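Q: sharing a model that was predicted from the sequence below.
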There are 2 protein chains.
Amino acid sequence: MEFARIASAYEGELNYLTKRIAAMGGHAERMVEQAIAALVHADPALARKVVEDDAVLDEAQREVDDKAIVIIARRQPMAVDLREVIGAIRISADLERVGDLAKNVAKRVAAVAEVGQPARLFRGIEALAELALAQLKQVLDVYASRSVDKLGFVRDRDGEIDAMYTSLFRELLTHMMEDPRNITPCTHLLFCAKNIERIGDHATNIAETIYHIVTGEQMPAERPKGDKTDRVTAPH
Amino acid sequence: MEFARIASAYEGELNYLTKRIAAMGGHAERMVEQAIAALVHADPALARKVVEDDAVLDEAQREVDDKAIVIIARRQPMAVDLREVIGAIRISADLERVGDLAKNVAKRVAAVAEVGQPARLFRGIEALAELALAQLKQVLDVYASRSVDKLGFVRDRDGEIDAMYTSLFRELLTHMMEDPRNITPCTHLLFCAKNIERIGDHATNIAETIYHIVTGEQMPAERPKGDKTDRVTAPH
């Protein structure tokens, strides 16, 4: 009876962490959506809102960390339970970073808005952000359901994001070469695109953490992740 | 007697973490130095070495994490001891990120080398890297000595790094506008400069963690840190 009571209090604590992470995930998704909307519609008020919203994730991360440490020290969890608590610390750190990246995009809204840019460049940014957000949402769904067999999409989506980012990178370079007036806003758009690509990387990190929580193994690496533009050069 | 034996084994474990962090710090510094040297001297072999060296920090971070979790679960440390262990986890994560940033610089060496760039741009990158490295070295010295009263330099250095990064950002934009052939290599140099600026941010994070370990308080924030270029536009 006593044991059941302790076990259930413990489960309550783990559930609390899981719920907190889910809320952080929803908040981070919204920040990304709004940062992209602020960029595409040159909306400085929405951009400011995103910058201010970041404090919520910083606070939530600190809270998850503190709670997790207390659980480890008090309950001395083992095996899957320990992985669950450590996993919560890692995932909340990734979500906090996603919030930072959304904030970075929002902070560039003014510099990009100064010179109007062609709609197709914004469509490219939007499409990239949609992919990264879809990746993040699916990963958070898997965190909620623990159905790691569904994590196969992560690698494919990673490949799509990399390919789209590389093509956008090339397009932005080309656009800069067409007219020097495009150089400043396109440089800021390049940093925005880079931030979005990194959101995809954090989604992949989260997928790897979930896989490790559930299976105790490292997720098999099929391909190296990350920026493929480091050798991209535009025609000149 | 028994208590003294346990306390001393515990101290040994904490010392192990501290030593591991110091070694990670030295490794990260070397990676940054070599990445900048590879960039400035267009040395692809040195760049490859830096990329390969990154695995050492990834492994060290995992080891520090695992060790720290075992200490928390077994010893249930309190107050300054708990802050010490959690601090080790945070600092090793920052140092691992510094290694990633050095690797990112190294991966751009080839794209920058393709078109020769004026020496003054490289001097700007070198000067920025020297500041960031000095910041990192001083912070790691404070970690070794725990003399947090010496952390005052962090804010000043932060300001210098921001100012130098902003001026380099402007200079690179201007250089791109002078000749479209500069656009591709200067874009990669912009990303390199951004990576170096972020190394400074991680040094500041580490300073804040050390302050918290020693005092139990948050380091007083005098000024917001981070990228001030998000509104920088070049003359056009």
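A: Received the coordinates, thanks.

Q: what ranges do the helices span in chain A?
A: Under the criterion DSSP state H, helices of chain A are mapped to A:2-40, A:44-75, A:79-107, A:109-113, A:119-145, A:153-178, A:183-215.

Q: TSV please, covering these and showing distance to chain B, mean neighbour count and mean pLDDT.
A: The way it works is simple: take the backbone N, C-alpha and C, and place the C-beta from them, glycine included. Shown next, in TSV, are the helices of chain A (distance: least, C-beta to the nearest C-beta, whole Å; neighbours: other C-beta atoms under 10 Å in any protein chain shown; pLDDT from 0 to 100):
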stretch	distance to chain B	mean neighbour count	mean pLDDT
helix A:2-40	12	17	89
helix A:44-75	5	17	93
helix A:79-107	4	22	93
helix A:109-113	5	22	90
helix A:119-145	15	19	94
helix A:153-178	4	19	91
helix A:183-215	5	23	95
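
Q: would you turn those into a markdown table with distance to residue B:81?
A: Listed next are the helices of chain A as a markdown table, based on distance: least, C-beta to C-beta, whole Å:
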| stretch | distance to residue B:81 |
| --- | --- |
| helix A:2-40 | 22 |
| helix A:44-75 | 11 |
| helix A:79-107 | 19 |
| helix A:109-113 | 45 |
| helix A:119-145 | 32 |
| helix A:153-178 | 38 |
| helix A:183-215 | 27 |
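
Q: and of those, who's closest to residue B:23?
A: Proximity to residue B:23, assessed across the helices of chain A by C-beta to C-beta, is greatest for helix A:79-107 (22.9 Å).

Q: the closest one packs against which elements?
A: For helix A:79-107, the packing partners by 3 or more C-beta pairs under 8 Å, 6 or more residues apart in numbering or on different chains; DSSP states H and E come out as helix A:2-40, helix A:44-75, helix A:183-215, helix B:44-75.

Q: can you rerun that using 6 Å?
A: Counting contacts by 3 or more C-beta pairs under 6 Å, 6 or more residues apart in numbering or on different chains; DSSP states H and E, helix A:79-107 is packed against helix A:2-40, helix A:44-75, helix A:183-215.

Q: can you give me the pLDDT of the closest residue to residue A:169 other than its chain neighbours?
A: Distances taken as C-beta to C-beta, 6 or more residues apart in numbering or on different chains place residue A:229 nearest to residue A:169, at 4.4 Å, with adjacent residues excluded. Per-residue pLDDT puts residue A:229 at 81.

Q: and for residue A:229, the neighbour number?
A: 25 (other C-beta atoms under 10 Å in any protein chain shown).

Q: distance of residue A:143 relative to residue A:214?
A: 10 Å (C-beta to C-beta, to the nearest Å).

Q: again with residue A:175
A: 44 Å.

Q: now the helices and strands packed on helix A:79-107 in TSV, with distance to residue B:199?
A: Shown next, in TSV, are these (distance: least, C-beta to C-beta, whole Å):
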stretch	distance to residue B:199
helix A:2-40	25
helix A:44-75	21
helix A:183-215	16
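
Q: out of the ones you listed, flag the one nearest residue B:192.
A: Of all the helices and strands packed on helix A:79-107, helix A:183-215 comes closest under C-beta to C-beta, at 12.5 Å.

Q: got the angle between that closest one and helix B:183-215?
A: 50 degrees (axes from the mean of the first three to the mean of the last three C-alpha atoms, to 10 degrees).

Q: before we move on, the earlier item: look up how far residue A:162 lies from the residue nearest to residue A:169.
A: For residue A:229, the distance to residue A:162 - C-beta to C-beta - is 9 Å.

Q: repeat for residue A:23
A: 30 Å.

Q: just the CA atoms of stretch A:89-104, as CSV, please.
A: This file holds the C-alpha atoms of stretch A:89-104, laid out as CSV (Å, rounded to 0.1, in the frame of the first residue of the first chain):
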residue,chain,number,x,y,z
ILE,A,89,15.8,18.1,-19.2
ARG,A,90,17.2,17.6,-22.7
ILE,A,91,13.9,18.2,-24.5
SER,A,92,13.1,21.3,-22.6
ALA,A,93,16.6,22.7,-23.5
ASP,A,94,15.9,22.0,-27.2
LEU,A,95,12.5,23.7,-27.0
GLU,A,96,14.1,26.7,-25.2
ARG,A,97,16.5,26.9,-28.1
VAL,A,98,13.7,26.8,-30.6
GLY,A,99,12.2,29.8,-28.9
ASP,A,100,15.5,31.6,-29.1
LEU,A,101,15.7,30.9,-32.8
ALA,A,102,12.1,32.2,-33.3
LYS,A,103,13.1,35.3,-31.4
ASN,A,104,16.1,35.8,-33.6
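
Q: picking up where we left off before, surely the residue nearest to residue A:169 touches residue A:166?
A: Yes. In this structure, residue A:229 is within contact of residue A:166 by C-beta atoms under 6 Å, at 5.2 Å.

Q: from residue A:29, how far off is the residue nearest to residue A:48 when sequence neighbours are not counted?
A: Distances taken as C-beta to C-beta, 6+ apart put residue A:106 closest to residue A:48, at 7.6 Å, once the chain neighbours are dropped. Residue A:106 is 14 Å from residue A:29, where distance means C-beta to C-beta.

Q: end-to-end on stretch A:176-187?
A: End-to-end distance for stretch A:176-187: 8 Å, by C-alpha to C-alpha, to the nearest Å.

Q: err, stretch A:172-186, not the other one
A: Using C-alpha to C-alpha, the two ends of stretch A:172-186 sit 6 Å apart.

Q: which other residues reach it?
A: A:112, A:115, A:117, A:189-190, A:234, B:173, B:176-177, B:180, B:183-184, B:233-234, B:236 (C-beta atoms under 6 Å, 6 or more residues apart in numbering or on different chains).

Q: just flag the most distant two among those.
A: A:234 and B:233 (21.4 Å).

Q: find the nearest non-adjacent residue to residue A:137, please.
A: residue A:29 (6.4 Å).

Q: what separation is there between that neighbour and residue A:146?
A: 20 Å.

Q: cool, residue A:77 as well?
A: From residue A:77 to residue A:146 the distance is 17 Å (C-beta to C-beta).
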